[in-house]
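>>> following is a predicted model, sequence given first.
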Amino acid sequence: MPILEKITQQSQARHWTDSIPLEYHYTAGVAGEEFRRELKENGRFLSSKCAKCKTTYVPARMFCPSCFIEIKENTPLEKPGYVYSHTTVNRNRTGEPVDEPLTMALIKFEGVKGGIVHRLQVEEANSVSFGTKVIPILKDRSERTGALTDIIAFKPQ
Amino acid sequence: MRRRVAIVGAGITLFRRRMLETPKELSFEASKMALDSAGLTLKDIQSVVSGSAPDAFDGVHMKGEYYLDGMGAIGKPHERVYVGGGTGVFTPIGGWWNVASGLYDTCLCVAEEKMSPLHPHPQYAFWSIFDQILERPLGTTLLWIFSLEMRRYMHKYGIKEEEIAEVAVKNKGNAIDHPCAQLGAKITVDDVMRSEPICEPVKRLDVSPPSDGAAAVILASEKVAKKLTDQPVWLDGVGWTLDSTHWTNRDLAYPEYVEKAAKMAYKMAGIKNPRKEIDVAEPYDPFDYKELHHLEGLQLAGKGEAPKMTVDGVTQRDGDLPVCPSGGLLGVGNPIAAAGMMKICEIFWQLRGEAGKRQVKKDARTGLAQAWGDLMQVGTVTVMRS
Amino acid sequence: MSQKITSYQGHEITPDEVKQGKYLDIVYKFEPKYSWAAGVAISRFLTELKEGKIVARKCHKCERILVPPRMYCEQCFRPTDEWVQIKDTGTINTFSISHVGTDARRLKTPILVAVVDIDGASPGMGILHNLGEVEPSKITIGMKVQAVWKRSEERQGAITDIRYFKPIES
């Protein structure tokens, strides 16, 4: 049986407005700290290889989700990554137009599971092709903290 | 057809105010330990149930999907359960119906919580627990509900703050023997009474700390359990309910939600006289007075009589009804969901005689773990037998 | 704990290590804004608060007079039947003196908060509100209190249209 009274006039319908300000401080985690150190000191991406199934993951992980064992072997990736997919972003998070369109890409590495999402620096907005080899443009070593923002963008090799 | 379900393994990480591990890594450590203790690998697990409190603490949306690889749940049926603080005991209940229904033979149940990311204090996320229109504009703090409840409880039965402080002394002392405990310490009633008042009558040493941590158990059907171990701990009774969504309309001096959930669990386990038949209990103790409040709701003490039981030493480890031999939330820590699971692990170890220095003196065959979801008054209870 | 278990995992970060910046600290701030619909019952409740009145809802089956009002009785699981004007006086069911604010920071002046059973509603029907014009040490459970309202031109249709409850001089 439905409720006995409904609101019939707009003026009767009330609402309450408020916001919930939130501030988060995340830790990178055990593997994340190793990844961070490698990026900060040497500007390279740390990957992890599972001793059992031999899968290599990037970014570095503490455990293999398939074999469910700890991963002990971490190696920095030597070869450049490639563009697995890309998109051009014309609006920001709140839906307003951006001053300059951004090209974002998912960058993967040969033989490695996982990837890194980051900005792609291109001459023209749609001049990216799938599979283009890319390398990171890094900030000066003194400015790096280990966060992914140490990379300004990726660019074709 | 309902089948018998047993707990065959348990795992737990350290509980600390701030841990380096991400939620995934915490889940992995607890799950791996549980698997190792049961002599199982991930392949043997057929389903996964996880419990974790609001996404707002970790600050990760759809947390259940985020951390499930750390629980080995990739490619497996997985469900996330959440009932506030009651989650830790509700997670194995969720696992229970996975196995009791006959759908699966094994289930990994993991409870994980990382409260440290939220600044300036994890308590802030609890702000959204109050009614957005009628309560939040008043400047609410989570501590209000506990202090309001504590005051009513003390008033109704004429209980003194010193009697309640005995619980904090007992639990923090018990926690010294728990290898993962955050706040195990030898304190006195005086220390508690002199600690800084936060929200009168609640003082600093009456409260459990926010923590990061994870804990896990493995459930198995009777057939599988008997193959794995000669000491399965049977999950014989489960109960869960909520008594009211308007917390200001409730009788704050008595936890009816616990009574209802406990009766459900006792009926299933065939327990007629809880005080005589339960050998060891782990009620939820985020505040010292809550242990007393819950003991009464669990029918383990008469209304207003739990403080006397504590003062008389009945609830010590060598007493007639040891309560919170682990050290409880007050001593071990309070990562919301993992705290309740810590209690499940404790009863598991107690009933198998594996609790080391924390082992209770009497021969414990039947144990009880209970948790509570605050403000919305959810009670979750499990009865276990060896 | 079980012969198979030898160590417990977890790396703690101490407050000093946080100060030293030993580990990567990724900060993210955001402030979601909400506009909550008050619904049928609370819309009316707020409208009445603007008029300086407290309104409740009655269920004819269990005869309870419910505040905060709701369009369905959660116990009988049927729609509630009528609006009932109740008083703006009540009795303190329980109270607390809070020294910390929403974000756990210490307050200079403590906030006084209570559950007040409102006269005219069924027994035990309380609402949460602040107390004022009273010495914290003199507050008792069972004390009779009276709502202190904002001036009518200041009222907006919010729970804060009542500034606080104060003791009734006997």
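On my side now, so go ahead.

>>> mind giving me the packing neighbours of the one helix or strand residue B:219 maps to?
For residue B:219, the element it lies in under DSSP states H and E is strand B:212-221. With contacts taken as 3 or more CB pairs under 8 Å, 6 or more residues apart in numbering or on different chains; DSSP states H and E, strand B:212-221 sits against strand B:5-12, helix B:23-38, helix B:87-100, strand B:106-114, helix B:336-351. From N, CA and C alone the C-beta is placed, and that goes for glycine too.

>>> the ones you listed: which one's closest to chain A?
helix B:23-38 (4.7 Å; CB to the nearest CB).

>>> tell me what angle the strand holding residue B:219 forms with strand B:106-114.
Angle, strand B:212-221 to strand B:106-114, by axes from the mean of the first three to the mean of the last three CA atoms, to 10 degrees: 170 degrees.

>>> tell me which residues in strand B:212-221 are buried?
B:212, B:213, B:214, B:215, B:216, B:217, B:218, B:219, B:220, B:221 (16 or more other CB atoms under 10 Å in any protein chain shown).

>>> stretch B:311-322 too?
B:314, B:315, B:316, B:317, B:319, B:321, B:322.

>>> what is the longest helix anywhere in chain C packed up against?
Ranked by residue count, the top helix of chain C under DSSP state H comes out as helix C:39-50. Secondary-structure packing of helix C:39-50 (3+ CB pairs under 8 Å, 6+ apart): strand C:54-58.

>>> establish whether the strand it packs on and chain A are in contact.
No: for a cut-off given as CB under 8 Å from any CB of the partner chain, strand C:54-58 has no contacts with chain A; the smallest distance is 9.6 Å.

>>> which SSE is immediately downstream of that strand?
Sequence-wise, the next helix or strand downstream of strand C:54-58 (DSSP H and E) is strand C:65-66.

>>> starting at the chain centroid, how far to that following strand?
Between the centre of strand C:65-66 and the centre of its chain there are 17 Å (CA atoms, centre = their mean, to the nearest Å).

>>> ok, that strand: who's next to it in the sheet?
Each strand paired with strand C:65-66, and its direction, by DSSP bridges: strand C:54-58 (antiparallel).

>>> how much space is there between residue B:20 and chain A?
In this view, residue B:20 and chain A are 5 Å apart by CB to the nearest CB, to the nearest Å.

>>> again with residue B:205
For residue B:205, the distance to chain A - CB to the nearest CB - is 27 Å.

>>> tell me the secondary structure at that residue.
helix (DSSP: H, G, I helix; E, B strand; the rest coil).

>>> next: residue B:154.
helix.

>>> residue A:44 against residue A:38, yeah?
Yes: counting by CB atoms under 8 Å, residue A:44 does reach residue A:38; the two are 5.4 Å apart.

>>> list the beta-bridge partners for the residue nearest the centre of chain A.
Centroid check for chain A by CA atoms, centre = their mean gives residue A:117 as the closest residue, at 4.1 Å. Beta bridges link residue A:117 to residue A:106, judged by DSSP bridges.

>>> coming back round to it: could you give the angle of the strand holding residue B:219 to helix B:23-38?
Using the same axes, to 10 degrees: strand B:212-221 against helix B:23-38 is 40 degrees.

>>> for the chain, what spans make up the strands?
By default, I'm working from chain A. Under the criterion DSSP state E, strands of chain A are mapped to A:15-19, A:22-26, A:46-49, A:56-57, A:73-76, A:81-91, A:97-108, A:115-119, A:133-138, A:151-156.

>>> was after chain C, sorry
C:26-30, C:33-37, C:54-58, C:65-66, C:72-73, C:78-79, C:82-86, C:89-100, C:106-118, C:126-130, C:144-149, C:162-167.

>>> how about those strands, which one is nearest residue A:136?
Residue A:136 lies closest to strand C:26-30 among these, at 18.6 Å (CB to CB).

>>> which other residues reach the closest one?
A:21, A:22, A:23, A:24, A:25, A:26, A:27, A:28, A:147, B:59 (CB atoms under 8 Å, 6 or more residues apart in numbering or on different chains).

>>> which two from those residues end up farthest apart in space?
Farthest apart among these by CB to CB are A:21 and A:28. That separation is 24.0 Å.

>>> settle it for me: which of the two has more neighbours?
Between residue A:21 and residue A:28, residue A:28 has the larger neighbour count (other CB atoms under 10 Å in any protein chain shown), namely 22 against 12.

>>> distance of the more buried one relative to chain B?
With CB to the nearest CB as the criterion, residue A:28 and chain B are 7 Å apart.

>>> who's in contact with that residue?
Taking CB under 8 Å, 6+ apart as the criterion, residue A:28 is in contact with A:35, A:36, A:146, B:20, B:22, C:23, C:24, C:26.

>>> give me phi/psi at it?
The phi/psi pair for residue A:28 (degrees, to the nearest 10) reads phi -80, psi -20.

>>> chain B contacts on chain A?
Residues of chain A lying close to chain B by CB under 8 Å from any CB are A:16, A:18, A:20, A:22-33, A:62-63, A:65-70.

>>> can you select the buried ones from these in ChimeraX?
Selection of buried members from these for ChimeraX, criterion 16+ other CB under 10 Å:
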select /A:16,20,22,23,24,25,26,27,28,29,30,31,32,33,62,63,65,66,67,68,69,70
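
>>> can I get the buried residues of stretch B:311-322 in TSV with distance to residue B:183 and pLDDT?
TSV is the format used below for the buried residues of stretch B:311-322 (distance: CB to CB, whole Å; pLDDT from 0 to 100):
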residue	distance to residue B:183	pLDDT
B:314	24	94
B:315	19	94
B:316	19	94
B:317	18	93
B:319	22	93
B:321	24	95
B:322	20	95
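
>>> filter the residues you listed down to just the ones in helices.
Residues of the buried residues of stretch B:311-322 located in helices (DSSP H): none.
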